[in-house]
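[1] Would you be able to build a 3D model of this:
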Amino acid sequence: MTAWEDLVTTALLGTDRRPPVTGGAGREAPEALLDEAAVATVRRRAGLCPAPAARRPEPAAEDPRPALPAAAARRLAMLLSGRPGTGTGGRRGTSPDLMELLPQWLAAANARGFAAPPQMLPALLDAARGRTDLRPAALAFAGPRALWLARLNQDWRFALRAAPGGGTTLPDPEDVEAIRQLWQEGLFAERVALLTALRARTPDAARELLAGTWATERAEDRLMFLDSLRTGLAGGDEPFLEQALSDRSRNVRTTAAELLSALPGSALAGRMAVRAGACVAVDHTGDGPVIAVEAPPECDAGMERDGVVAKPPAGRGERSWWLGQLVEATPLTAWSARLGGRTSGEIVALPVADGWQGELHAAWSRAAVRQRDADWARALLGAPAAPEAGGPGAVSLAERAKLLATLEGGERAGWVAGFIAAHGLSEAFQLLGVCPVPWSAPLGRAVVDALDIARDAGSYPWSFSGVMGLAERCLDPAEASRLDGLLAVPDEREDASPGAGGYWAEAFQRLVTTLRLRATMLAELEHAP
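    The predicted model follows:
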């Protein structure tokens, strides 16, 4: 049987250069090629070629979760078949972007414990195949039937890779022999899944299981296994991690050092505190106290063993690179005693001599994120009204976003609301991305007010499309009625971008329509079958 690929190649090259493989007498080569293509098309449409009968697959596991309400099931079908709203001239129009609402719908359905309608699983898996950000929520909603289907269709194999252990069933936590056998004989994905599951329940037992085979594991496997110790990290892990500091693999050593530095009471954290303390001190010789910095002159063997990378990236000086790593790995609690009993806010407010402020504050920011220290994060963030380029911490917006993630959700949203009120939306996009959804009322009002101000100022409207898209997904649907006054087309200023007024009205109309649709979606999920 002629392969379809051969027919395509012949058509591309031409029948003069590559005649068809088959053909009857008296037929022209082009006709023979088209006849072969017609036969091959019928075969392709027929599906599978004849083959010996195979064993029937086992039935899919039962899904005990309740079925979706009928209205919610219809809504899911619309979302899965939906396409982004489109308009003219590159505009999105006033129609909601249905595919962008799918992640939120899946999160709400999963929170309520509903099962996916079986007939929609193929479309759901196709959507998850095309968008990796959908996969965790989509596979959780699809349940055990998704794994069953994935074993029958190569296009959905990603579901097996995403499932713990490739979709295999892990042994009972009390079955010691089964756990030992799977750890000794299982595939790599199964072993990672087993170690992760054990770490979540019995951290010490998981670590002892890993320690038993550590010396015989491959370097890349050791790195993956070591990463699982982040869950439930505690002082009992220190002896094992100290041993890993002498590992043959630099990546393993670096990961072990990072984990140890996250344990403020570890010996490594103490060694780093001594090294960093020798580099940073308060100088009282001038008019007022100033932080003086003397970067380490070399990276010795002890520093390298404790995870300091000796060679800096391109464009970085060696000594500043080493200093940053030492400060980042030092427990933040050590700095108060080192710098005169000052609080984190007082330390961050001190001037830093010789241009070291940016390097020092950036390292403190990384330490605050690693150690989840909210007090230091607040100090380094500074007041939201401080200039975008600085504030007491003089950290970048990217660093501020990471610092915000260490704060409780309400405090985080309040800080970003204050930042937007002071600076507008031009620099706030990445800060909004770390705020809990739906946005709190103060944050939502700050975003809408800033958009309204930008519109009234005649600002270039398309530069706010990213924030507008976030607002469609993150504003509280209850805010929709408050936006009705923004739907009219405003009078355009002479210095405004041509057509800006119409764009703003269109964007606000889409925002209101999307918020009301989200409210309807949530209401549909509340009606239990």
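[2] how close does R135 sit to D155?
    As judged by Cβ to Cβ, to the nearest Å, R135 and D155 stand 14 Å apart. Where you see a C-beta, it was placed from the backbone N, CA and C, and this is true even at glycine.
[3] between these two, who's got more neighbours?
    R135 (17 against 12; other Cβ atoms under 10 Å).
[4] Low-confidence ranges, the stretch 151-300 of the chain, go.
    Along the stretch 151-300 of the chain, segments meeting pLDDT under 70 span 163-169.
[5] Torsion angles phi and psi at V293?
    Backbone torsions of V293, given as degrees, to the nearest 10, read phi -120, psi 130.
[6] beta partners of it?
    In this entry, V293 is beta-bridged to V280, by DSSP bridges.
[7] which residues of the stretch 351-500 of the chain fall in helices?
    357-371, 374-381, 397-404, 409-423, 429-432, 441-456, 465-474, 500-526 (DSSP state H, counting those that start in this stretch).
[8] Tabulate those helices in TSV, adding columns for distance to A116, mean neighbour count and mean pLDDT.
    TSV is the format used below for those (distance: least, Cβ to Cβ, whole Å; neighbours: other Cβ atoms under 10 Å; pLDDT from 0 to 100):
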stretch	distance to A116	mean neighbour count	mean pLDDT
helix 357-371	36	21	93
helix 374-381	39	22	95
helix 397-404	34	20	90
helix 409-423	29	19	94
helix 429-432	31	18	90
helix 441-456	31	19	90
helix 465-474	22	18	90
helix 500-526	13	19	88
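[9] which stretch among those helices comes nearest N110?
    N110 lies closest, by Cβ to Cβ, to one member of these: helix 500-526, at 10.3 Å.
[10] For the spatially most central residue of the chain, give its distance to G113.
    Taking Cα atoms, centre = their mean, the centroid of the chain lies closest to D133, which sits 7.8 Å from it. Noted for D133: a distance of 22 Å to G113, by Cβ to Cβ.
[11] Next: L106.
    The value you get for L106 to G113, if Cβ to Cβ is used, is 13 Å.
[12] okay, those two: which has more neighbours?
    Shown here are L106 and G113; by other Cβ under 10 Å, L106 has more neighbours (24 against 9).
[13] before we move on, what SS does that one have?
    Secondary structure state of L106, per DSSP: H, G, I helix; E, B strand; the rest coil, is helix.
[14] who's in contact with it?
    Applying Cβ atoms under 8 Å, 6 or more residues apart in numbering to L106 gives the contacts 134, 137-138, 140-141.
[15] Give me the pLDDT for the residue lying closest to A138 once chain neighbours are set aside.
    Of all residues not flanking A138 in the chain, A128 sits nearest, at 3.9 Å (Cβ to Cβ, 6 or more residues apart in numbering). If you check A128, the pLDDT there is 93.
[16] my guess is A128 contacts L139, does it?
    Yes - taking contacts as Cβ atoms under 8 Å, A128 lies within contact range of L139: 6.7 Å.
[17] So the two - more neighbours on which side?
    Regarding A128 and L139, a neighbour count based on other Cβ under 10 Å identifies A128 as having more, with 25 against 22.
[18] separation between that one and T196?
    21 Å.
[19] Repeat that for P239.
    21 Å.
[20] who's more crowded, those two?
    Legend: neighbour count by other Cβ under 10 Å for P239 and T196, higher for T196 (17 against 12).
[21] Looks to me like I291 is in a strand.
    Yes - according to three-state DSSP, I291 belongs to a strand.
[22] how about it, what does it touch?
    280-283, 339, 347, 350-353, 356, 360.
[23] Can you lay out the helices of the stretch 351-500 of the chain as a markdown table showing distance to D6?
    Formatted as a markdown table, these follow (distance: least, Cβ to Cβ, whole Å):
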| stretch | distance to D6 |
| --- | --- |
| helix 357-371 | 57 |
| helix 374-381 | 63 |
| helix 397-404 | 53 |
| helix 409-423 | 60 |
| helix 429-432 | 51 |
| helix 441-456 | 58 |
| helix 465-474 | 46 |
| helix 500-526 | 49 |
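[24] and L76, which of the ones you listed is closest to it?
    Nearest of the helices of the stretch 351-500 of the chain (Cβ to Cβ): helix 500-526, 9.5 Å.
[25] helices or strands next to the helix or strand encompassing W148 in the packing?
    Per DSSP states H and E, W148 falls inside helix 144-150. With contacts taken as 3 or more Cβ pairs under 8 Å, 6 or more residues apart in numbering; DSSP states H and E, helix 144-150 sits against helix 121-130, helix 158-162.
[26] mean confidence for it?
    Averaging pLDDT along helix 144-150 yields 91.
[27] Pull the residues that contact that helix.
    Here helix 144-150 has contacts from 57, 60-63, 116, 118, 121-122, 124-125, 139, 156-160, 163, 167, using Cβ under 8 Å, 6+ apart.
[28] hang on, L407 packs against A379?
    No - counting by Cβ under 8 Å, L407 stays clear of A379, with 12.0 Å between them.
[29] hang on, the earlier thing: return every residue with contacts to both of A128 and L139.
    Going by Cβ under 8 Å, 6+ apart, residues that sit against A128 and also against L139 are A159.
[30] so how far is E238 from V252?
    16 Å.
[31] the more surrounded of these two?
    V252 (22 against 18).
[32] Quick one: residues contacting S249.
    So S249 contacts 219, 222-223 (Cβ under 8 Å, 6+ apart).
[33] just the buried members of these?
    222-223 (16 or more other Cβ atoms under 10 Å).
[34] Which one of the contacts of S249 is nearest to R191?
    Among the contacts of S249, and counting by Cβ to Cβ, the member closest to R191 is R222, at 11.8 Å.
[35] For whatever helix or strand that closest one lives in, enumerate the helices and strands it packs against.
    Using DSSP H and E, R222 sits within helix 219-227. Helices and strands touching helix 219-227, by 3+ Cβ pairs under 8 Å, 6+ apart, are helix 188-201, helix 250-261.
[36] ok and the first one relative to helix 219-227, angle-wise?
    Put plainly, it is helix 188-201. 20 degrees (axes from the mean of the first three to the mean of the last three Cα atoms, to 10 degrees).
[37] packing partners for helix 188-201?
    So helix 188-201, by 3+ Cβ pairs under 8 Å, 6+ apart, packs with helix 176-185, helix 203-213, helix 219-227.
[38] As CSV, could you dump the C-alpha coordinates of the second one?
    The C-alpha atoms that make up helix 203-213 are tabulated as CSV, following Å, rounded to 0.1, in the frame of the first residue of the first chain:
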residue,chain,number,x,y,z
PRO,A,203,9.1,13.4,55.8
ASP,A,204,11.6,11.4,57.8
ALA,A,205,10.7,8.1,56.3
ALA,A,206,11.0,9.6,52.8
ARG,A,207,14.4,11.0,53.5
GLU,A,208,15.6,7.6,55.0
LEU,A,209,14.3,5.8,51.8
LEU,A,210,16.4,8.2,49.7
ALA,A,211,19.4,7.9,51.9
GLY,A,212,19.4,4.1,51.5
THR,A,213,20.1,4.3,47.7
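[39] residues in contact with that helix?
    179-180, 183-184, 195, 198-199, 225, 228-229, 231-232, 234, 236-237, 240.
[40] Check the offset of it from the chain's centre.
    29 Å (Cα atoms, centre = their mean, to the nearest Å).
[41] And for the first one?
    Centroid separation between helix 176-185 and its chain, computed with Cα atoms, centre = their mean, is 33 Å.
[42] State the distance from T285 to A219.
    Using Cβ to Cβ, we find T285 at a distance of 50 Å from A219.
[43] didn't V327 look like it was pressed against R275?
    No - the pair V327 / R275 is not scored as a contact, 9.4 Å apart, by Cβ under 8 Å.
[44] Neighbour count for those two, which is higher?
    Counted by other Cβ under 10 Å, V327 and R275 do not tie: V327 has more neighbours, with 26 against 22.
[45] For the more buried one, list the residues it contacts.
    Contacts of V327 (Cβ under 8 Å, 6+ apart): 276, 279-280, 360, 363-364, 367.
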